[in-house]
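Engineer: 3D model of this:
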Amino acid sequence: MRASENNAIVLMGSATPSMQALNMVKQQKAKLLSLDKRHADATLPDVQIIDLTQYKGAMQGSMSVALFNAVKESLDRGEQAILLFNRRGFANYVQCETCGHIPKSPESSVSLTYHKRSNMLMCHYSGYARKLDKNCEMCGSDKLMIQGSGTQKIEEEVAELFPEARILRFDKDSTSKKGAHERILSSFGKKEADILVGTQLVSKGLDFPEVTTVGVIDADTEQAFPSFNASERLFQLLSQVAGRSGRGAKKGKVFIQTRQADNPAIRFTKMHDHQGFAKQEMKYREELIYPPFSRLVQFIFKGKEEHKVIHSARMMERVLHQLLPENRILGPSAGVISWLNGMYFWELYLKIETDKGANFIEKVLDTIMLHYDTSNSYSSANVRVNINVDAQR
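Structural biologist: Numbers count the residues shown, from 1 in each chain. Below is the predicted model:
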């Protein structure tokens with residue numbers, strides 16, 4: 001809008017343009033300018049897919065033998081490596097070996113993540129934290145197992161596998177203090193460390209010419225989140241972290257560990273083929289009428305009493321079917337995080353045609369809310385409704 005008012009040009013830069021941006025190009029609302037070569041004529045890295053279903057007995061901790069050997073060879077040559085694992089903490093969760101109980105946050109529906117260095121169980125959504133239990137809160141057993149992995153655990157494993165290597169961890173926990181972000185990257189850039197272990201933060205715009213090996217410990221974590229654009233997010237993440245390898249004169253190698261080797265996002269990353277991925281993803285989106293082939297309106301219902309939240313969400317569904325029978329409705333269903341900080345969450349989605357502008361949508365939403373408020377027996381004091389137009393999940 002500001003560019004329109006000032007007769008200016010908006011330049012959007014990305015190695016992996018979104019489906020919405022590509023659709024704007026197709027509709028001639030934007031122009032695509034492509035950079036076909038890397039800086040200083042650097043070559044794209046070779047990408048190897050490691051199918052973990054075939055590597056059950058050939059692992060070094062969380063690393064396949066192929067990735068382990070590649071990191072070792074890089075270190076032997078005095079080069080650097082980056083390892084991506086998009087989960088914070090030491091493990092996903094703690095589980096009782098006796099009764100199977102998994103501690104959850106008392107303020108959300110999410111299991112608590114174990115952080116080894118502070119010996120804490122933390123909820124990354126509500127902020128709740130407590131010391132690791134000595135006994136199971138359900139049965140009293142002292143047989144508590146640490147399950148899964150996180151960046152802290154990967155860092156510890158890598159230190160054991162490469163005892164001579166200098167290792168830095170780059171995630172939200174390690175960068176929480178002022179200036180930590182810059183200190184870690186500066187230290188790695190000066191080659192004061194050999195291996196950088198981190199979450200998606202390590203994939204964003206880092207330029208280290210001595211990085212020749214990049215490993216993705218588990219590419220499947222991105223697919224676990226229920227969203228229509230999960231594949232797009234996975235392709236973007238993998239392509240971006242792959243781009244950290246071989247940015248100088250030395251050839252780069254990328255290893256993607258996965259249990260879904262046939263996933264299109266992973267296959268097209270191997271070929272550095274954004275155009276091929278976009279073509280297939282667009283076909284899928286068009287068939288299911290997902291953005292950019294619709295405008296997705298999200299209704300979020302939240303309240304302290306679950307039955308009132310559910311009733312309100314279902315009432316909204318009935319109102320939408322009455323007023324907009326030709327439009328597609330998804331839900332209602334419990335939110336991805338169904339309970340947080342004493343509030344229950346339910347969601348409902350509405351797909352609206354892409355040719356409908358802001359004025360139309362505003363009028364439609366006014367009409368919808370008028371009918372909803374009239375029909376619903378619970379007031380906004382009991383259940384709050386948040387509306388998100390052009391929702392991204």
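Engineer: contacts only, for the nearest residue to D51 once chain neighbours are set aside.
Structural biologist: Spatially, and ignoring its direct neighbours in sequence, D51 is nearest to A261 (4.2 Å; Cβ to Cβ, 6 or more residues apart in numbering). (Glycine included, C-beta is placed from N, CA and C.) If a contact means Cβ atoms under 8 Å, 6 or more residues apart in numbering, then A261 has I49, D51, T53, R267 as its contacts.
Engineer: PyMOL command for the buried members of those?
Structural biologist: In PyMOL syntax, the buried subset of the contacts of A261 is picked out as below (16 or more other Cβ atoms under 10 Å):
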select buried, resi 49+267
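Engineer: mind listing which of the contacts of A261 are in helices?
Structural biologist: Cross-referencing the contacts of A261 against helices under DSSP state H gives R267.
Engineer: mind listing the helices for the stretch 251-393 of the chain?
Structural biologist: 264-270, 274-288, 306-323, 358-375 (DSSP state H, counting those that start in this stretch).
Engineer: N135: which of those is closest?
Structural biologist: helix 306-323 (30.0 Å; Cβ to Cβ).
Engineer: could you measure from the closest residue to Y290 other than its chain neighbours over to Q20?
Structural biologist: Spatial nearest neighbour of Y290, chain neighbours left out: F228 (4.5 Å); criterion: Cβ to Cβ, 6+ apart. Separation of F228 from Q20 (Cβ to Cβ, to the nearest Å): 12 Å.
Engineer: for the residue nearest the centre of the chain, give me its contacts.
Structural biologist: By Cα atoms, centre = their mean, the mean C-alpha position of the chain lies nearest to E222, the distance being 5.0 Å. E222 makes contacts with N86, A230, R233, L234, L237, as judged by Cβ under 8 Å, 6+ apart.
Engineer: most neighbours among these, please name it.
Structural biologist: Ranked by the number of neighbours (other Cβ atoms under 10 Å), the contacts of E222 place L234 first, at 25 neighbours.
Engineer: from what I can see that residue touches I266, true?
Structural biologist: Yes: judged on Cβ atoms under 8 Å, L234 makes contact with I266 at a distance of 7.4 Å.
Engineer: tell me, what's touching these two both at once?
Structural biologist: Counting by Cβ under 8 Å, 6+ apart, the shared contacts of L234 and I266 are A219.
Engineer: doesn't M138 fall inside a strand?
Structural biologist: No: under DSSP: H, G, I helix; E, B strand; the rest coil, M138 sits outside any strand and is assigned coil.
Engineer: show me the contacts for it.
Structural biologist: Counting by Cβ under 8 Å, 6+ apart, M138 touches C96, C99, H101.
Engineer: check which residues of stretch 38-49 are buried.
Structural biologist: Buried, per 16+ other Cβ under 10 Å, within stretch 38-49: A42, L44, P45, V47, Q48, I49.
Engineer: ugh, typo on my part, it should be stretch 340-355
Structural biologist: Buried residues in stretch 340-355, counted by 16+ other Cβ under 10 Å: L340, M343, Y344, F345, W346, E347, L348, Y349, L350, K351, I352.
Engineer: now that stretch, how far from the centre of its chain.
Structural biologist: Relative to its parent chain, stretch 340-355 has a centroid offset of 19 Å by Cα atoms, centre = their mean, to the nearest Å.
Engineer: SS state for the residue nearest to the centre of the chain?
Structural biologist: Following three-state DSSP, the label given to E222 is helix.
Engineer: isn't V202 right up against N86?
Structural biologist: No: between V202 and N86 there is no contact under Cβ under 8 Å: 9.5 Å.
Engineer: mind checking the longest strand of the protein?
Structural biologist: Using DSSP state E, we find that the single longest strand of the chain is strand 328-340.
Engineer: list the contacts of the residue nearest to Y290.
Structural biologist: Contact analysis of F228 by Cβ under 8 Å, 6+ apart lists R285, L288, Y290, P291, L296, R393.
Engineer: list only buried entries from the residues you listed.
Structural biologist: By 16+ other Cβ under 10 Å, these give R285, Y290, P291, L296 as buried.
Engineer: so what's Q60 up against?
Structural biologist: F68, L161.
Engineer: is it bridged to anything, and to what?
Structural biologist: Bridge pairing for Q60 (DSSP bridges) gives the partners M63.
Engineer: what's the pLDDT at it?
Structural biologist: Note on Q60: pLDDT of 81.
Engineer: do the same with I50
Structural biologist: Per the predicted model, pLDDT is 94 at I50.
Engineer: and it, how many neighbours?
Structural biologist: Other residues near I50 come to 23 when the count uses other Cβ under 10 Å.
Engineer: quick check, it in contact with N69.
Structural biologist: No: I50 is beyond contact range of N69, at 11.6 Å (criterion: Cβ under 8 Å).
Engineer: give me the common contacts of F228 and Q20.
Structural biologist: P291.
Engineer: thinking again about what came up before, and the gap between the residue nearest to the centre of the chain and T151?
Structural biologist: 15 Å.
Engineer: ok now the worst-scoring helix or strand of the chain on mean pLDDT, how far from the chain's centre?
Structural biologist: Sorting the helices and strands of the chain by mean pLDDT, DSSP states H and E puts strand 59-60 at the bottom, at a mean of 80. Offset of strand 59-60 from its chain centre (Cα atoms, centre = their mean): 25 Å.
Engineer: same check on stretch 211-223?
Structural biologist: Stretch 211-223 sits 13 Å away from the centroid of its parent chain (Cα atoms, centre = their mean).
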